[in-house]
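Peer 1: compute the structure for the input listed below.
(one chain, ligands or ions: 2)
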Amino acid sequence: MSGSLRALLPAARRALGRSAACTINAHVSLKPSIPLQLHFARYSSSEATAEAEEEAEPLQSLESIKAGLSSEDAARLKYMRNIGISAHIDSGKTTFTERVLYYTGRIKAIHEVRGKDNVGAKMDSMDLEREKGITIQSAATYCDWDKVENGELKKYHFNLIDTPGHIDFTIEVERALRVLDGAVLVVCAVSGVQSQTITVDRQMRRYNVPRITFINKMDRMGANPWKAIEQVNTKLKMPAAALQVPIGMENNLEGVVDIVNMKALYNEGARGENIVEKPIPEELKDIIEEKRAVLIETLADVDDEIAEIYLNEEIPTAQQMIDAIRRATIALKFTPVLMGSALANRSVQPVLDAVCDYLPNPSEVENVGLDLTKNEAPVSLPPYSNLPFVGLAFKLEEGRFGQLTYVRVYQGVIKKGMTIVNTRTGKKTKLARLARMHSDEMEDVSEVNAGEICATFGVECSSGDTFTDGQVSVALSSMFVPEPVISLSIAPKSRDNGNFSKAMNRFQKEDPTFTVKFDSESKETIISGMGELHLEIYVERIKREYNVECITGQPQVAYRESLLTAAPLNYTHKRQTGGAGQFAKIVGDLKPSKDQNIFESNVVGGKISEKFLAAVDKGFQEACEKGPLIGHKVLGAHMIVNDGQTHLVDSSELAFRTAGYYGFRESFMKANPVVLEPIMDVAITAPIEFQGSIIGLMNKKNALITDTDIGTDEFTLHAECSLNEMFGFATLLRANTQGKGEFTLEFKHYAQASPQLQKQLIADFQKKERAKQ
Ligand SMILES: Nc1nc2c(ncn2[C@@H]2O[C@H](COP(=O)(O)OP(=O)(O)OP(=O)(O)O)[C@@H](O)[C@H]2O)c(=O)[nH]1
Ligand SMILES: [Mg+2]
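Peer 2: Ligands and ions are numbered 1, 2, ... in the order given. Here you go, the predicted structure:
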């Protein structure tokens, strides 16, 4: 045993001691394990949950799902991978995907993002994406990768989704990760783990998605993969270790040494298409020994088998290491790190081998649905072809041939010509066409099996709907949809010939983070979204795709109204004007709650019927849509009704709904109401010489500076700042950094606005209200 390995023994012992307390089997990933917002909404009463628990059959373990696979399904799934490419803006996801498509023979030539040939990368198919050099929509494709295993060629099938990095398009990442089994996290070798990488990491955790990390841009000056790995360990708190060391750096990057199998892999050919194995360069022997030891130590920390091998003072074999990396990666305890340069065509192919080696096939991920015939009891959805079809519509897109719906098949087979049922609406549709997607092109197919992704046409649904063949009634929990934080008023410049409304309807349907509302008071159409860029892109798309030029107002912050203290609720709604009267009385409390509006009824002895209580809830929810202070949404109100009165003749649902509405408003005003504003996480990166001026700029905005990372030439400043202060920041930053600064903005939480701002907003609102009278 080498000296450095022996030095690792104590760590291995520590690891074994620690893991003795935890289970040895790879942990099962329940997808998604946390019931998400929409999912919560369905569990509105505690009885339903209790009943569901009673009726629930135990979920199948992964082992039993695997044991039950038919030999055809096992053979089909073993070589299938559904993966996403996600990370920070500009880290090279689309450039990487372009190489994947080229090396797998899916495209015949490589085109660059903003390349000189003006063609643009395959996956950025929208004109706007090509012009701006950013990904706006995620794009799905598939390809086959021939991998050599024990001297034999094995054909792996990949379904792949390239996602955008900009936080404004975060829903695209969210829905891709909801349906994928694994991901490649692309990190820039110079910038390391950046703010959006941290966001994407959070999203991956939300859906239990295992990931491989690829450190890209190793050809850039100042590339430092070791620092980036350190940041994956510390910033993402995910144990990570390199499986490779680079051969040459920056301009001289030639390939990598695979330190698991101990092979030097060089890229040769005009596009780096040939991987040539050569002897390991002598000068790399020390670093290889060091990094291999780090890899084994990290694995010993997360995998019992490697820890035990260590304790026996043995060195694990390459196969033992591969098995451990696979186990730990799928169990979300580890991320293997590879490195190279997509643009310079270096070392992309080993990432594809790693996808096969370390990311799960669809039968290794547990998927769970809710059985609607058993009070939404969780039910396993094994990827067996002979079971009834269950699939999730995760993305909608208006295509040349009508509405395109992307579906992930979880169970059974979807076939052209079959009738599918939308679980939410009960609507049946005969499937006229079924296709596999290749960015904006498609290939017609007649059937698609469990575990795969496909596209259908002419299916009426919303994003997140579940489809079945009608034999079962199962719903898949939907994805997390963040709330829009910014709004704009918008109107067509000339009279609308119908195209403006068409565009609004379409974009709203496709993108759940984009909402359109008509304000009947100001007679304005208000669009809301995730950020300035998000709305700007839609305004531009309306112009290009629908030929409608629009006038937009100033961006407005989506404020919230909340309460600081509790207040009693005692409201009687009574009206006696000819005809039938109206009567409803409700008594209870209004309390602050955290981040949610909750209605609770504790009325005993049937003093108010369930039907009327539901009407009070409706009135309360309605009132929360437009708060009494400034007409913005209410957040964090908990209304409890525990008493009241009903009139035999005059009480009605309408009367109780009205009481709920006005009762809430009355109590709210007594509960120390406040205006909340969105606070954003800001990350600004710029050359070091601008650090002083950026700090000055952020201080002026009353930002709270939380962290500063100083790199060789650049620094990144992290701060929390109100969204209000950040409007127009792009121009300001450009002016202060000679155009060399970049920034990202992500919603963090709501906080009380300053007293002056609150006063101003309330005064403005009251003035507007008075003008209406
Ligand atoms: N030097 C260098 N530049 C790269 C590399 N990979 C990508 N780039 C460049 O980085 C820029 C961004 O690349 P993209 O592939 O569009 O990045 P992305 O991650 O898809 O960006 P978004 O989808 O907008 O988040 C482009 O100018 C690429 O040419 C690389 O390996 N080395
Ligand atoms: Mg991209």
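Peer 1: show me what residue 258 is bridged to.
Peer 2: Bridge pairing for residue 258 (DSSP bridges) gives the partners residue 244, residue 263.
Peer 1: hmm, it is touching residue 242, no?
Peer 2: No: Residue 258 lies out of contact with residue 242 (Cβ atoms under 8 Å); the separation is 10.4 Å. Any C-beta I mention is one placed from the backbone N, CA and C, and that applies to glycine too.
Peer 1: so the closest residue to ligand 1 within the stretch 601-750 of the chain, which of the three states?
Peer 2: Residue nearest to ligand 1 within the stretch 601-750 of the chain: residue 744 (10.6 Å; Cβ to the nearest ligand atom). Following DSSP: H, G, I helix; E, B strand; the rest coil, the label given to residue 744 is strand.
Peer 1: and if you look at the one 4 residues further on?
Peer 2: When states are read from three-state DSSP, the local structure at residue 748 comes out as strand.
Peer 1: ok, residue 601 touching residue 613?
Peer 2: Yes: using Cβ under 8 Å, residue 601 is in contact with residue 613, at 4.6 Å.
Peer 1: joint contacts of those two?
Peer 2: Applying Cβ atoms under 8 Å, 6 or more residues apart in numbering, one finds that residue 601 and residue 613 are jointly contacted by residue 641.
Peer 1: against which helices or strands is the strand ranked longest in the chain packed?
Peer 2: Longest strand of the chain, by residue count under DSSP state E: strand 673-687. Strand 673-687 is packed against strand 560-563, helix 691-700, strand 714-722, helix 723-726, strand 742-752, helix 755-772, with contacts defined by 3 or more Cβ pairs under 8 Å, 6 or more residues apart in numbering; DSSP states H and E.
Peer 1: pick out the residue of the protein closest to ligand 1.
Peer 2: residue 165 (2.5 Å).
Peer 1: what does the stretch 501-650 of the chain put close to ligand 1?
Peer 2: Taking Cβ under 6 Å from any ligand atom, no part of the stretch 501-650 of the chain reaches ligand 1.
Peer 1: what mean pLDDT does the helix or strand harbouring residue 301 have?
Peer 2: Using DSSP states H and E, residue 301 falls within helix 285-302. Averaging pLDDT along helix 285-302 gives 96.
Peer 1: list the buried residues in it.
Peer 2: Going by neighbour count (16 or more other Cβ atoms under 10 Å), the buried part of helix 285-302 is 288, 291-302.
Peer 1: also stretch 659-666?
Peer 2: Result for stretch 659-666 [16+ other Cβ under 10 Å]: buried residues 659, 660, 661, 662, 663, 664, 665.
Peer 1: quick check: which ranges of the stretch 501-650 of the chain have low pLDDT?
Peer 2: Scanning the stretch 501-650 of the chain with the threshold set as pLDDT under 70 gives 521, 578.
Peer 1: now the strands for it?
Peer 2: Counting by DSSP state E, counting those that start in this stretch, the stretch 501-650 of the chain has strands at residues 515-519, 524-529, 550-552, 556-557, 560-563, 567-575, 582-592, 598-601, 633-634, 637-645.
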